[in-house]
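Peer 1: Show me the folded form of this:
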Amino acid sequence: MNLRLGVHVGQQNMSMASLRQLWRKLDGQVDWISAWDHFYEAPPAGGTIDHFEAMTTLGALAADTQHATIGVMVLYVGYRNPASIAKAASTLDHISNGRFELGLGAGWHAQEANAFGYDFPSVGIRLDMLEEATTIIRQMLTQDRTTFSGEHYTVENASNLPMPIQDRLPIWIGGVGEKRTLKIVAEKADGWNAAYISADNFSRLNGVLDQWCERADRDPASLARSIHLTFNLGTTQASVDVQREKLREAWGTAAERIEGGALLCTPTEAIDRLNEYREKGATMINVALRAPWDEEALEAYLEEVIPQIRQ
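Peer 2: This is a model prediction of the structure:
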């Protein structure tokens, strides 16, 4: 698979006008633009930062762009009925003229779930929910009628008209759990997304995913692999040092882990870092933008780094 380069835009700490301006700027320069699914900011700060809801944001993203694939990495299946997700995915595919790809996950942001009154059960139960939801959504995106009765979700002779424009709207599953998440990816997804992990760990998990594919009698090459890297690029070493301090302040005790999957370097170093992930099996690399970022560094990424990677 050819390497896709994208931007994962966190719809927080920005006005909607600024978000829309950014999408239009990125469209045509990158292969992928996505949002995330949160009610509160990420990393968590107690709901103190402006943050827009995902589905309505995606509608604007779909309408504002013409070239880039658009997506969401990833919807927590506990926030919406899976049949409703399938309906929204089909609608977004039509708004975007066949450019939408759907990401699903088991969730992690307990703080926002509790604040908004959503159940946030154990990770094992959330993975059960993810497996059932993915089954329903896949069927509703590809079949005329869907009936499913599970422990968590049920649909009865449900249709989803109009169907997506794409014959097979891609479903991504995000997460790095080796025993359950990657098994579900191998059995049910078109792509796997990992966030903020080192290239070595990405490579190791790719190997685990290959093993799950083999157990599912699936060609591992049929599964796309993506990585999110936090965007902490600086044009000088001094600005990189500033970015490092901001990252540590924002992520607290999780900062050391996040740094392993951060584009925390200069543009020249970023080229080597992205190529390392490509060599480890990534078919898509997205940088995750959290406002505010270094505008000069973003320009360098778009104008210098991406063209070098695409050569």
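
Peer 1: Now do the domain split for the protein, please.
Peer 2: 16-174, 177-311 (automatic domain parsing).

Peer 1: Closest to the centroid, which residue in the chain?
Peer 2: With distances taken as CA atoms, centre = their mean, M73 lies nearest the centre of the chain, 2.2 Å away.

Peer 1: Does it touch W172 like I think?
Peer 2: Yes: in this structure, M73 is within contact of W172 by CB atoms under 8 Å, at 6.7 Å. (Glycine included, C-beta is placed from N, CA and C.)

Peer 1: anything in contact with each of those two?
Peer 2: Residues touching both M73 and W172 (CB atoms under 8 Å, 6 or more residues apart in numbering) are G103, N193, S226.

Peer 1: Dihedrals phi and psi, the residue nearest to the last one when sequence neighbours are not counted?
Peer 2: Distance criterion CB to CB, 6 or more residues apart in numbering; nearest residue to S226, sequence neighbours excluded, is M284 at 3.8 Å. For M284, the backbone dihedrals (degrees, to the nearest 10) come out as phi -150, psi 140.

Peer 1: Give me the next element, helix or strand, following the helix or strand hosting I33.
Peer 2: For I33, the element it lies in under DSSP states H and E is strand 32-35. Once the chain leaves strand 32-35, the next helix or strand it forms, by DSSP H and E, is helix 54-64.

Peer 1: how distant is that following helix from the center of its chain?
Peer 2: Centroid displacement of helix 54-64 relative to its chain, using CA atoms, centre = their mean, to the nearest Å, is 15 Å.

Peer 1: List the contacts of that helix.
Peer 2: Contacts of helix 54-64 (CB under 8 Å, 6+ apart): 11, 16, 19-20, 23-24, 27, 33, 35-38, 70, 72, 75, 80, 88, 91-92, 95-96, 99-100.

Peer 1: before we move on, the earlier item: could you single out the nearest of the shared contacts of M73 and W172 to R126?
Peer 2: G103 (15.3 Å; CB to CB).

Peer 1: quick one: the closest one is in a helix?
Peer 2: No: under DSSP: H, G, I helix; E, B strand; the rest coil, G103 sits outside any helix and is assigned strand.

Peer 1: Flag every buried residue along stretch 186-205.
Peer 2: 186-199, 202-203, 205 (16 or more other CB atoms under 10 Å).

Peer 1: just the strands in the stretch 201-311 of the chain please.
Peer 2: 224-231, 262-263, 284-289 (DSSP state E, counting those that start in this stretch).

Peer 1: sorry, back to before: can you tell me which of the domains of the chain is nearest to N2?
Peer 2: Of all the domains of the chain, domain 177-311 comes closest under CB to CB, at 7.5 Å.
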